[in-house]
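Student: return a 3D structure for these sequence lines:
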Amino acid sequence: MGVSSLSGVLLKRLPELVAIIDRLIRKTPLSPYQASVLETDSGKKRLFVWCERLIRTLDQGAVGFFDYQRQIGIERASRGYQMDGATQFYSAFLQAVWEICRKEKNGHAQVDWIWNDSELEQLHQTCLQGLNVFSNIYLGERESLLDESLSYLDNLHQYTHDIISRQSLDEISSLLASNVSGLFKVQGCSLLIQHDKVSESFNHPRPKIPKDILKLLKSVTKTGNPVFYNGVMEATQCREDENPVKMQVCLPIRARASCYGAFALYSREGGFEFAAKQLGILNQMLYITAVAIENCVMIQEIKQNRKELHALTGKIMTLQEEERKRVATDIHDTIAQTLTGVGYQMQYCKGLVRDDQHELQNNIEGALRLVDKAISQSRELIANLRPGLIDTVGLVPALHQLLDQFTEETEILIERVIPDNVDIMPESSICLYRVLQSALSNIFRHAGVKKARVTVTAKGKFVQLTVSDRGKGFDPFVGWSSFKNPDKFGLLGMKERVETAGGMFRLKAARNKGCLIQVKIPANKSIEH
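Tutor: This is a model prediction of the structure:
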């Protein structure tokens with residue numbers, strides 16, 4: 001009968017060989033790498049391939065197997081697996097070969113079967129050399145990765161140092177784009193910053209963002225989910241087992257649970273390499289960038305608030321002087337003149353005391369009428385300075401009177417939802433009343449509508465006032481509180497008044513879509529409906 005070669009026997013019984021290796025290695029706790037091989041479908045397939053290539057070295061030589069060992073060493077090092085347990089696969093393979101050889105010999109006791117010690121020795125030597133090749137390439141790759149990591153940390157430290165000193169969003173965007181484009185060798189990169197009242201975009205190297213990239217940036221900013229497109233522009237993942245070549249990558253810019261926009265890389269021709277390692281690096285850079293953007297926005301807001309406060313202070317002083325002048329004029333034109341008239345009549349009455357009692361009585365009655373007029377004028381002036389109804393019958397009647405008077409004077413209908421009673425601190429009542437006054441004035445002067453809506457509700461420990469219309473509106477991103485526009489001081493004054501009273505002011509507006517003002521003021525008592 002013919003002689004069976006050792007490679008032929010082992011290839012024929014390859015599944016059994018792999019099962020024995022699996023059993024032998026599981027006698028001790030599995031390392032993470034061993035678990036990835038023995039407990040995943042891809043790992044089991046690779047173990048079959050490794051055993052098959054090792055067996056074929058008996059007929060084809062070991063050069064191809066050693067190349068495969070180098071590939072395994074590089075991959076294992078790049079995935080961060082330790083080297084522990086590497087020798088077990090080689091020793092388990094040799095033990096499995098011995099078991100199969102003994103079974104084969106016992107099964108062919110009456111057959112002319114040759115036990116070829118030289119082939120077993122060859123396999124043993126190949127395993128030793130393969131382990132040596134694997135160890136050298138693994139250690140070299142780990143050293144290279146360590147150098148790369150140190151270089152990455154150096155670059156990250158330098159990037160952090162550089163970006164912290166940037167004081168504008170343009171400078172931050174430019175630094176991020178130049179660093180990333182050089183690091184990942186991409187054709188271009190785009191940045192969209194969108195947070196609260198800030199909305200800015202940046203593209204490198206050209207000034208204009210491509211339409212498809214801008215659409216992608218807006219989508220990722222809205223959803224907060226990263227997007228990866230492969231070489232045929234299909235959505236993909238960013239894992240080690242995925243094709244690392246990408247055409248477009250777009251990631252959200254996040255820090256402390258806040259999203260500040262999105263950043264995109266793209267390459268129209270050939271794509272660029274972007275796998276899990278590159279994703280980790282870019283995420284670190286984007287986190288640092290998000291913190292820098294957050295700081296920049298805060299600094300800009302502080303500067304803007306200082307300018308607005310300075311302008312508002314000046315405006316308030318001017319308004320105070322104008323109000324004093326108006327009050328003085330009103331007093332002069334009303335009460336002062338009326339009292340002067342009373343004085344003249346009283347002087348005239350002195351001459352009539354003895355001469356004409358009937359004329360005296362008529363003049364005294366006229367003087368009393370002038371006194372009544374002076375009292376009415378003084379009450380009207382006082383009411384203009386502070387609504388008397390707030391102190392006497394409360395906030396709700398004062399609001400209704402204000403709305404009725406506004407409708408009578410402007411013919412603008414006000415749909416109102418106001419509870420029957422609101423128990424609230426006096427200073428908060430005045431704040432709500434003045435805010436409503438200013439809001440109604442804005443509606444009359446700017447909204448161009450025939451009706452609006454006013455709502456007062458309870459929100460926890462707050463009383464909430466909402467004033468809305470569907471008029472001309474405006475663009476809040478242009479700067480509703482801009483101190484350069486005198487018409488905007490009403491809004492800024494409302495905001496300062498509300499915040500001074502410990503409340504919260506919210507504005508929502510858009511061109512041709514109306515305006516909504518919402519105010520929350522602390523209340524000392526609950527609202528009764």
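
Student: what's the burial count for Ile293?
Tutor: Other residues near Ile293 come to 27 when the count uses other Cβ atoms under 10 Å. Glycine gets a C-beta too; all of them are placed from N, C-alpha and C.

Student: contacts only, for the closest residue in space to it that isn't next to it in sequence.
Tutor: Leaving aside its sequence neighbours, Ile293 sits nearest to Tyr260 (Cβ to Cβ, 6 or more residues apart in numbering; 4.8 Å). Residues in contact with Tyr260 (Cβ atoms under 8 Å, 6 or more residues apart in numbering) are Ile193, Gln194, His195, Ile253, Arg254, Ala290, Ile293, Glu294.

Student: burial count for the fifth one?
Tutor: Residues near Arg254, counting by other Cβ under 10 Å, number 16.

Student: is it in a bridge, and if so with what?
Tutor: Cys259 (DSSP bridges).

Student: hmm, Thr289 and it touching each other?
Tutor: No: when contacts are counted by Cβ atoms under 8 Å, Arg254 is not listed as touching Thr289 (10.0 Å).

Student: roughly how far apart are the residue nearest the centre of the chain and Gln194?
Tutor: Nearest residue to the geometric centre of the chain (Cα atoms, centre = their mean): Cys259, 1.4 Å. The gap separating Cys259 from Gln194 is 8 Å, by Cβ to Cβ, to the nearest Å.

Student: what touches both of those two?
Tutor: Going by Cβ under 8 Å, 6+ apart, residues that sit against Cys259 and also against Gln194 are Thr221.

Student: correct me, but Ile172 touches Ala292?
Tutor: Yes: counting by Cβ under 8 Å, Ala292 is a contact partner of Ile172 at 5.2 Å.

Student: any common contacting residues for the two?
Tutor: Ile163, Arg166.

Student: name the nearest residue to Thr410, ignoring sequence neighbours.
Tutor: Phe444 (5.1 Å).

Student: Tyr159 now?
Tutor: Asn179 (5.8 Å).

Student: measure the one you found to Leu38 for me?
Tutor: Counting by Cβ to Cβ, the gap from Asn179 to Leu38 is 42 Å.

Student: sorry, back to before: next, count neighbours for the residue nearest to Thr410.
Tutor: Neighbours of Phe444 using other Cβ under 10 Å come to 16.

Student: just to revisit the earlier point, any chance of the contacts of Tyr260 in JSON lines, plus secondary structure, distance to Glu499 and pLDDT?
Tutor: Below are the contacts of Tyr260 laid out as JSON lines (DSSP: H, G, I helix; E, B strand; the rest coil; distance: Cβ to Cβ, whole Å; pLDDT from 0 to 100):
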{"residue": "Ile193", "secondary structure": "strand", "distance to Glu499": "26", "pLDDT": "88"}
{"residue": "Gln194", "secondary structure": "strand", "distance to Glu499": "25", "pLDDT": "84"}
{"residue": "His195", "secondary structure": "strand", "distance to Glu499": "21", "pLDDT": "76"}
{"residue": "Ile253", "secondary structure": "strand", "distance to Glu499": "29", "pLDDT": "90"}
{"residue": "Arg254", "secondary structure": "strand", "distance to Glu499": "29", "pLDDT": "86"}
{"residue": "Ala290", "secondary structure": "helix", "distance to Glu499": "27", "pLDDT": "86"}
{"residue": "Ile293", "secondary structure": "helix", "distance to Glu499": "25", "pLDDT": "84"}
{"residue": "Glu294", "secondary structure": "helix", "distance to Glu499": "22", "pLDDT": "83"}
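
Student: and which of those residues is nearest Phe274?
Tutor: The shortest gap between Phe274 and any of those belongs to Ile253, at 17.0 Å (Cβ to Cβ).

Student: was I right to think that closest one contacts Leu282?
Tutor: No: the pair Ile253 / Leu282 is not scored as a contact, 10.6 Å apart, by Cβ under 8 Å.

Student: between those two, which is the more surrounded one?
Tutor: Taking neighbours as other Cβ under 10 Å, Ile253 and Leu282 compare with Ile253 leading, 27 against 21.

Student: show me what contacts that one?
Tutor: Leu191, Ile193, Cys259, Tyr260, Gly261, Ala262, Phe263, Leu286, Thr289, Ala290, Ile293.

Student: residue contacts, the last one?
Tutor: I take that to be Ile293. Listed by Cβ under 8 Å, 6+ apart, the contact partners of Ile293 are Leu169, Ile172, Ile193, His195, Ile253, Ala255, Tyr260, Gly261.

Student: who is the third one paired with across the strands?
Tutor: By that I understand Ile193. Glu200, Gly261.

Student: quick check: it vs Ser168, distance?
Tutor: From Ile193 to Ser168 the distance is 11 Å (Cβ to Cβ).

Student: which one of the two has more residues nearby?
Tutor: A direct count of neighbours by other Cβ under 10 Å for Ile193 and Ser168 places Ile193 higher, at 24 against 12.

Student: I'd say that one and Ser199 touch.
Tutor: Yes: look at Ile193 against Ser199 with Cβ under 8 Å: they come within range, at 7.2 Å.
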